[in-house]
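J.: Just to be clear, the model below is a prediction. Sequence and coordinates:
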Amino acid sequence: MSIQWWQILILTLYAGYQVIDEIQFWSSLNTPIFGGLLTGLVMGDMKTGLVIGGSMQLMVLGIGTFGGASKLDANSGTILATAFSVATGMDATQAVSTLAVPVASLMIYMDILGRFTNTFFAHRIDAEVEKMNYKGIERYFVAGILPWSLSRMIPVFLALAFGGGLVAKVVAYLNGPLKWLGDGMSTAGAVLPAVGFAILLRYLPLKKHVSYLFLGFVITALLTTLFGNIQAIGTAVGSVVKNFSGSFNGLSMLAIALIGLALALINYSHASAMIESKGAAAVATAVDAKGEIEDDEL
């Protein structure tokens, strides 16, 4: 399967938009899971897109940037890995390790180039601020979109337009003489989500909320086992009972998310109550017998 020109156009435009969404709007359209969903829809294989996007999303859960630091561009890696995986028939987990992760790492240099180029418009804005020219400030602010978008659009376009033949040869080689290496890459790709969880747990206040970690793990494990067995029973019944039309679904990720939301709300309500009680105590100690506040630093 070859990548059509309209698919290249849509994915290139999305690659340019997603970085602007990340630094400006934060509508979740810049996440790897959405990138995998969109690329999968465009390429005609949404399952592969979700597998690759979900794997990359889990890998970068605990990764963030501060100031002008650059990070892995997991979204661009997801776009290219999904597109080439569908186009060449590459295994999704293999595509994560052989394409998504290397591309995400290499795109750090493009991110740096985009930031460096954008300083031109930043200096123009400084000059317009000295002149109090608000129109000029707005003009150069909007123009700053160009280096950011082009830093993603150019490499994604070039890879999609001219890299298909090379990727096909690499896939054939990994499935042939270097099958041992391809299998190793697939295993490494399957392990990457666990790395993302480890990074996330490293930076979360785990010691303070370890009870919620245990509770969430046990609830998820129990419900997964319960729903998994029910689904297996339903499949078995459907295979032996004639005209059986019932369906047995597995555990929904939405259910797990709602359980996590409930636990978060419980923790938030407890924390708010503690803050209010401490605040009331502080006010009480700052008021003298005549009802006058002696300390203005409450």
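T.: Nice, I can see it. Numbering: from 1, shown residues only.
J.: residues in contact with Phe141?
T.: Shown in contact with Phe141 (Cβ atoms under 8 Å, 6 or more residues apart in numbering): Phe121, Ile125. In short, each C-beta sits where N, CA and C put it, glycine included.
J.: what about it, which helix or strand?
T.: Per DSSP states H and E, Phe141 falls inside helix 134-143.
J.: Pull the residues that contact the next helix or strand after that helix.
T.: Using DSSP H and E, the helix or strand that directly follows helix 134-143 along the chain is helix 145-162. Residues outside helix 145-162 that contact it (Cβ under 8 Å, 6+ apart): 3, 7-8, 11-13, 15-20, 23, 73, 76, 79-80, 83, 103, 107, 110-111, 113-115, 117-118, 121.
J.: Using neighbour counts, pick out the buried residues of the helix holding Phe141.
T.: Neighbour counts using 16 or more other Cβ atoms under 10 Å place Ile137, Tyr140 of helix 134-143 among the buried residues.
J.: Could you break this protein into its assigned domains?
T.: The record's domain parsing of the chain by automatic domain parsing lists 5-203, 210-285.
J.: most packed of those?
T.: domain 5-203 (a mean of 18; mean count of other Cβ atoms under 10 Å).
J.: which stretches of the stretch 101-250 of the chain have low pLDDT?
T.: Within the stretch 101-250 of the chain, the segments meeting pLDDT under 70 span 164-172, 174-175, 182, 185-186, 188-193, 196, 244-250.
J.: Helices of the chain, start to end?
T.: Counting by DSSP state H, the chain has helices at residues 5-20, 32-43, 46-59, 74-88, 92-95, 101-131, 134-143, 145-162, 164-174, 179-203, 210-240, 253-285.
J.: just checking, what packs against the third one?
T.: Looking back up the chat, that one is helix 46-59. Where contact means 3 or more Cβ pairs under 8 Å, 6 or more residues apart in numbering; DSSP states H and E, helix 46-59 is packed against helix 32-43, helix 74-88, helix 92-95, helix 101-131, helix 179-203.
J.: Between helix 32-43 and that helix, find me the angle.
T.: Inter-element angle recorded for helix 46-59 and helix 32-43: 160 degrees (by axes from the mean of the first three to the mean of the last three Cα atoms, to 10 degrees).
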